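Novice: Fold the following, please.
(chains A and B)
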Amino acid sequence: MTPVQTEVAQRRGTPKDSDGTPVISVRGLWKVFGPKAERVPESAELCGLTRRELMDRTGCTAAVRDIDFEVAPGEVFVVMGLSGSGKSTLVRCLTRLIEPTAGEIVFEGENIRDADDKRLRELRREKFSMVFQHFGLLPHRRVVDNVAFGLEIRGMGRAERVKRALEVVELVGLSGYENSYPDQLSGGMQQRVGLARALAGDPEVLLFDEPFSALDPLIRRDMQNEVIRLHHEVGKTMVFITHDLSEALKLGDRILIMRDGKMVQCGTGDELVGAPADDYVREFVKDVPRADVLTLRWIMRPPTDGDDLGGPELGPDVVVREATRAVLAAERPVKVVENGKLIGLVGDEEILAVVAGREPEGGDVR
Amino acid sequence: MTVAMEKPPVPEPPQPAVPESDGAPVAAVRRISRRVVIGAILVVWLVLFALLRGTNTLALAAADLTGPHRWLNDLNDSIGANRNSNPLFLYFFNEIRLVIDTLVTFVQHLISQPSDDRPLPQIGWLGVVGIAGFVSWAVGNWRVALLAVAGFTFFGLQGLWQESMDTLALVLCAVFVALLFAIPLGVWAGLSDRGNRIMTPFLDFSQTMPTFVYLAPLTLFFLIGGASATITTVIYAAPPAIRITAHAIRTVPETTVEAADSLGATRWQSLLKVLLPMSKRTVVMGVNQTIMAALAMVTIAALIDAPGLGKTVIQALQSLDVGTAFNAGLAIVVMAIVLDRVTTAASARAEAARRSGGRLRAMRRQLVVAGAAVTAVLVYLSHTYVWAAEFPGEGDVGSSVASGADTASTWVQDNLSGITNAFRDAITNGLLNPFQTLLTDSPWWLVGVVLVGIGVVLGGWRAGVTTAVCVGLLVATGVWSDSMTTLASTLVATVMTMLLAVVVGVWMGRSTVADRLIRPTLDAAQVMPPFVYLVPFLALFGATRFTAIVAAIVYAAPVAMKIIADGIRNVPETTVEAATSAGCDTWQIITKVQLPMARGALTLATNQGLIYVLSMVVVGGLVGAGALGYDVVAGFSQGQLYGKGLAAGLAIVLLGVMFDRITQAAARRTSA
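Specialist: Numbers count the residues shown, from 1 in each chain, chains lettered A, B, ... in the order given. Prediction:
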């Protein structure tokens, strides 16, 4: 089931090159289900237990354990993990649909965990929107009324909210279906309604909880492209939950991999593939076509004295597949140049090692 | 979390290690030995019966009373004496009665009883028929509207207009009050786990009880009459609505509620814009159940002097006037069909209506206005002119129905009495009498020990303890002997019900065609108020215990059949396929695969069968079944037997609880 070609997100700026103030920063977040859950994060001893041991000892399940991350403005941040890894719980903790047990969620300088009910509702109405795996549409309302639902909740007048809803319906490509009922639409179209509902309120952050998992593969791809398009058009910050690595690589600027509630690794797609943090991640990314994900930065060798420096130049962030032809055509090794400075060389050897799918001998090449 | 329904996606906390450690082989040994134990209990019982027959039977003649009965009589008297001085009555019970009474009287004046200075109700037959047709059309469709008009006109033709309207008035009041409480309570039970936990035992209990037993205690507080009847009906009819509303709220998909939350909906907004609209259809089904339950109860409430069709039936039954009873029973059946069809159509409509584009909807609005205008004219006419107020004619159709039924009954008794009597006598002498003798002539402690023993073996220790408590209380009620007679009839009827239900249920479960043919009949049969079943069997078998038993079988069988059919159907296809490929013939598949795998359904069917049979056997007290049912009825009509009637009512409850606990525990065991 290895995809022939994995599409990779174009980098649109990571926290490193943004102005440094993240939209959301999560610190030491815990969610423990079970009796007297709050004692678990507090006790160093209990923190150290595995899930199974914790369950036997206390009857508690730690769905999210000590997670830290930051999301930059305009970034698509993907949380990936298998089912049961706690990723859906994590995204629900962000707007406290599930109440976190410990930790901080800072949004624009405000700790969401300190918000009272009223403030929390305001945040949910104005700042965040969520798209759900099973859509969560209202079967008794037409598409346009479903899309306008969030605006209605805010208390917006009928004429105004219908106008706005129709705009968004058009934006997600559902024109002509405004007056249909959800069960008259296909799964993909229903999720477009879900997407439109989330966009209608013009939120700052969009949260996606495995939005396309329930869809057919072809429709899933359409919808992924739709999200990419919308991201270009409206430029929202997005937190995207998925269990599908190719989806994560395609959409995510950065990807956080979770396992058993813990963070295993967090980085860009090429970082995960080029430098997996442990065997779990390595196993995960094993089947990814490396040439589609890795950039020259990951495969270049440091220049040594005897090298012939007469070859053409390429940037370090060029994906290997795109560089292949140029490197193989060149007589001499290609120079990898960043900001006018030579940082490495790539020859036929290096390229072929990746394209032919050989494992890199050492972990970190950098 | 803004809405309580939301549940964290946690795996269930581990159950404290299930002690069902017995693997398949051990369980097999256990099951066989359970049968052996029951056999042994029965043998010991028979031996001791032979030795101790006739001692300690606690028999009590019909007019005799015991201490507790006299105490209850005194209580009744003292309540009667202090009704207007005791603050609890003055400010609580009397107030409730007053409010309900006002409501009932108001509706009666509107449609059934002469009001103030008028010799006729405010709205005459034409107006009522018009309203019935219009409302049925507005909430349902034109077909049920026609049905409603035809049905209501038929009441008039039967010469039962006023009685029917009395029944309708009581049903409307009771349903109105019941829904007033039931829907908010249902929403509460749906939203809050605590609410659900508080409510469930009450609902379970109230649905276990035979309709009959609600009557006696309530008359103590609310006197005999329309108010008591309405209050009883409310208590009986509200539980289904509460349950179904709670269920509807609970089955709204969690994602949808979560989506509303994530958009910042308040609890109130979630409730009004998401939960209630999405449960609407199911709630309307709950309203249907409530209406049907109310109709069943209102007719039975005739025993405590509720006006209406029930009263006609009961008076006719007591004088064994089959024709009149049949005529009035037919009216009840017609009313049941009309009410059921209209509310069912209403619940199906919600869907279709909103889909049918804008143009049709606009047209419909005009039609509704026009219909309302026509109805208003009809109401005005019926208010003003005698011809539209009083149903014309002498109810000739009714008399011909009655005389037809009489003729048929006489013919049957003249010509078929050979067959029916032979059948009756065979069952009575072959099964019922010996069993009843065994139960009533054994010493009470022996029967008690046997019951507790069976309870323990079938249902485990907790069921055994419940049984012991019930037996103890049964002795204390002073109507032990009558209870045993009722028990005998109930058990015999249940056995026959189950035999019938297994045969038909298996057939329905295996054949889709059979299911499609039979199920509508069963559905219709379940809608009927119980005691209309008595009438035809009274014609066939005369006034005996046996009549009540047959009526009980007919009343209880539909439920049991449906449960068994569903149980058989739920046996996985692959298992049946595997058995077929192993070379089983049909009989082997039924006996070795389908019935064993539907064991849970069989036990559940027995449970429901027992409860239904019990309530019917008791109603059979009206047609000569004697025992507890007779005690209750006599208690309503004769002051000095009031206490005994109340005690008998309590004994029925105890029997019901006992059956229910044992069979439920057994069901839990078998399906575990």
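Novice: Residue B:376 sits in which helix or strand?
Specialist: helix B:358-384 (DSSP states H and E).
Novice: Just the mean pLDDT for the helix or strand harbouring residue B:449, thanks.
Specialist: Secondary structure assignment for residue B:449, by DSSP H and E: helix B:444-459. Mean per-residue pLDDT for helix B:444-459: 83.
Novice: Mind giving me the packing neighbours of it?
Specialist: Applying 3 or more C-beta pairs under 8 Å, 6 or more residues apart in numbering or on different chains; DSSP states H and E, we find helix B:444-459 packed against helix B:24-52, helix B:461-477, helix B:642-671. Quick note: C-beta positions are derived from backbone N, CA and C, even for glycine.
Novice: Helix or strand next in line after the second one, which one?
Specialist: Per DSSP H and E, the first helix or strand lying C-terminal to helix B:461-477 is helix B:480-510.
Novice: how about the CA coordinates for the next helix or strand after that following helix, as PDB?
Specialist: Downstream of helix B:480-510, the next assigned helix or strand under DSSP H and E is helix B:512-527. What follows is helix B:512-527, C-alpha atoms only, in PDB (Å, rounded to 0.1, in the frame of the first residue of the first chain):
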ATOM      1  CA  THR B 512     -39.300 -13.300   6.500                       C
ATOM      2  CA  VAL B 513     -42.600 -13.800   4.800                       C
ATOM      3  CA  ALA B 514     -44.200 -15.100   8.000                       C
ATOM      4  CA  ASP B 515     -42.700 -12.200   9.900                       C
ATOM      5  CA  ARG B 516     -44.100  -9.700   7.400                       C
ATOM      6  CA  LEU B 517     -47.500 -11.300   7.600                       C
ATOM      7  CA  ILE B 518     -47.800 -11.800  11.300                       C
ATOM      8  CA  ARG B 519     -46.000  -8.800  12.700                       C
ATOM      9  CA  PRO B 520     -48.700  -6.200  11.900                       C
ATOM     10  CA  THR B 521     -51.300  -8.300  13.600                       C
ATOM     11  CA  LEU B 522     -49.200  -8.600  16.700                       C
ATOM     12  CA  ASP B 523     -48.500  -4.800  16.700                       C
ATOM     13  CA  ALA B 524     -52.200  -4.200  16.500                       C
ATOM     14  CA  ALA B 525     -53.000  -6.700  19.200                       C
ATOM     15  CA  GLN B 526     -50.500  -5.000  21.500                       C
ATOM     16  CA  VAL B 527     -52.300  -1.700  21.100                       C
END
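Novice: Just want the angle from helix B:512-527 to helix B:480-510.
Specialist: Helix B:512-527 and helix B:480-510 are oriented at 150 degrees to each other (axes from the mean of the first three to the mean of the last three C-alpha atoms, to 10 degrees).
Novice: List the contacts of helix B:512-527.
Specialist: If you take C-beta atoms under 8 Å, 6 or more residues apart in numbering or on different chains as the criterion, helix B:512-527 is touched by B:292, B:336-337, B:340, B:504, B:507-509, B:554-555, B:558-559, B:561-562, B:565, B:569.
Novice: the bottom helix or strand of chain B by mean pLDDT?
Specialist: For chain B, the helix or strand with the lowest mean confidence is helix B:24-52, at a mean of 70 (criterion: mean pLDDT, DSSP states H and E).
Novice: In the stretch 201-350 of chain A, what residue lies closest to chain B?
Specialist: Across the stretch 201-350 of chain A, no residue is closer to chain B than residue A:201, which sits at 7.1 Å (C-beta to the nearest C-beta).
Novice: Now name the helix or strand holding the closest residue to that residue other than its chain neighbours.
Specialist: For residue A:201, ignoring the flanking residues on the chain, the nearest one in space by C-beta to C-beta, 6 or more residues apart in numbering or on different chains is residue A:150 at 4.6 Å. If you go by DSSP H and E, residue A:150 is part of helix A:149-154.
Novice: which helices and strands sit right next to that helix?
Specialist: If contacts are counted by 3+ C-beta pairs under 8 Å, 6+ apart, helix A:149-154 sits against helix A:117-126, helix A:158-171, helix A:187-200.
Novice: What are the contacting residues of the shortest one?
Specialist: This points to helix A:117-126. A:95-96, A:107, A:112, A:115, A:150, A:153-154, A:201, A:203, B:2, B:261-266.
Novice: Enumerate the positions of that helix that are buried.
Specialist: A:120-121, A:123-125 (16 or more other C-beta atoms under 10 Å in any protein chain shown).
Novice: Tell me where the stretch 151-300 of chain B has strands.
Specialist: Secondary structure of the stretch 151-300 of chain B (DSSP state E, counting those that start in this stretch): no strands located.
Novice: okay, the angle between the lengthiest helix in chain A and helix A:158-171?
Specialist: Secondary structure of chain A per DSSP state H: the longest helix is helix A:217-234. Going by the same axes, to 10 degrees, helix A:217-234 is angled at 120 degrees with respect to helix A:158-171.
Novice: for helix A:217-234, which positions count as buried?
Specialist: A:219-224, A:226-228, A:230-231.
Novice: Return the member of the contacts of helix B:512-527 nearest to chain A.
Specialist: Looking across the contacts of helix B:512-527 and measuring by C-beta to the nearest C-beta, the closest to chain A is residue B:340, at 24.9 Å.
Novice: re the thing from before, would you mind giving the buried residues of helix A:217-234 as a markdown table with pLDDT and distance to chain B added?
Specialist: Listed next are these as a markdown table, based on pLDDT from 0 to 100; distance: C-beta to the nearest C-beta, whole Å:
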| residue | pLDDT | distance to chain B |
| --- | --- | --- |
| A:219 | 85 | 19 |
| A:220 | 87 | 18 |
| A:221 | 88 | 23 |
| A:222 | 87 | 22 |
| A:223 | 88 | 17 |
| A:224 | 90 | 21 |
| A:226 | 87 | 19 |
| A:227 | 88 | 18 |
| A:228 | 90 | 23 |
| A:230 | 86 | 18 |
| A:231 | 88 | 20 |
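Novice: and the two most separated of those residues?
Specialist: Using C-beta to C-beta, the two most remote members of the buried residues of helix A:217-234 are A:219 and A:231, lying 18.6 Å apart.
Novice: So residue A:306 lies in a strand, does it not?
Specialist: No: using DSSP: H, G, I helix; E, B strand; the rest coil, the assignment for residue A:306 is coil, not a strand.
Novice: Phi, psi for it please.
Specialist: Main-chain torsions, residue A:306, degrees, to the nearest 10: phi -80, psi 0.
Novice: One more: residue A:336?
Specialist: The phi/psi pair for residue A:336 (degrees, to the nearest 10) reads phi -100, psi 120.
Novice: beta partners of it?
Specialist: residue A:314, residue A:344 (DSSP bridges).
Novice: Just give the number of residues close to it.
Specialist: Residues near residue A:336, counting by other C-beta atoms under 10 Å in any protein chain shown, number 25.
Novice: wait, it sits on residue A:317?
Specialist: No: using C-beta atoms under 8 Å, residue A:336 makes no contact with residue A:317, being 9.7 Å away.
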